[in-house]
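Asks: This is the structure alone, sequence omitted:
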């Protein structure tokens, strides 16, 4: 899939594999019941169907969103969201680990751990990752300008932080 013809779009447009919000979504899409949630593993809402037949024990994906231990996206030296390699054992890459959701389901052990980030396709020359409101990550297609009027940019936030430090507040 290539860049979308719009100024900004969700990170999910870069996912290499389908992303399943729930065990029910997984079952509807694949026709198979989702494996039981393992609280000892991180939640994982995608799977690589080719990983199970790999001759290698470890599957490496060239890029995925790099996140901190709490699941927040990491910031690169350029002030943009950072990408990194993802290496998984083939057994883990080939399965989902979706916590149960729905009425009567609460406080599932392990469900609040940061999820395993999905692998992403390579960004095209016109695309870059940016931070949006609430530290969300989106894709900005530089071929399509968008109106930023009245919205604080990342650079605006850095400037305000520098002013606050200078003023001692």
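Replies: Sure, I can see it. Fair warning: this is a prediction, and the values are worked out from it, not measured in the lab.
Asks: By residue count, which helix of this protein is the longest?
Replies: With DSSP state H applied, the helix covering the greatest number of residues in the chain is identified as helix 154-167.
Asks: Now do that one: which elements does it pack against?
Replies: Counting by 3 or more Cβ pairs under 8 Å, 6 or more residues apart in numbering; DSSP states H and E, no packing neighbours are recorded for helix 154-167 among the helices and strands. Any C-beta I mention is one placed from the backbone N, CA and C, and that applies to glycine too.
Asks: Let me see the mean pLDDT of it.
Replies: Within the predicted structure, the mean pLDDT of helix 154-167 is 87.
Asks: residues in contact with it?
Replies: Around helix 154-167, the neighbours that count as contacts under Cβ atoms under 8 Å, 6 or more residues apart in numbering are 79, 130, 131, 152.
Asks: part of a helix, is the last one?
Replies: No: note on residue 152: no helix contains this position according to DSSP: H, G, I helix; E, B strand; the rest coil, which reports coil.
Asks: center of the protein, which residue is that?
Replies: In the chain, the C-alpha nearest the mean C-alpha coordinate belongs to residue 117, at 4.8 Å (Cα atoms, centre = their mean).
Asks: Which residues lie in contact with that residue in this structure?
Replies: Counting by Cβ under 8 Å, 6+ apart, residue 117 has contacts 64, 65, 66, 67, 86.
Asks: Can you report how many residues lie near the third one?
Replies: Same thing as residue 66. The local packing of residue 66 (other Cβ atoms under 10 Å) involves 16 other residues.
Asks: I'd assumed residue 83 was in contact with it.
Replies: Yes: with contacts counted by Cβ atoms under 8 Å, residue 66 reaches residue 83, the gap being 6.1 Å.
Asks: Check the offset of the longest helix of the chain from the chain's centre.
Replies: Its chain's average C-alpha position is 28 Å from that of helix 154-167, according to Cα atoms, centre = their mean, to the nearest Å.
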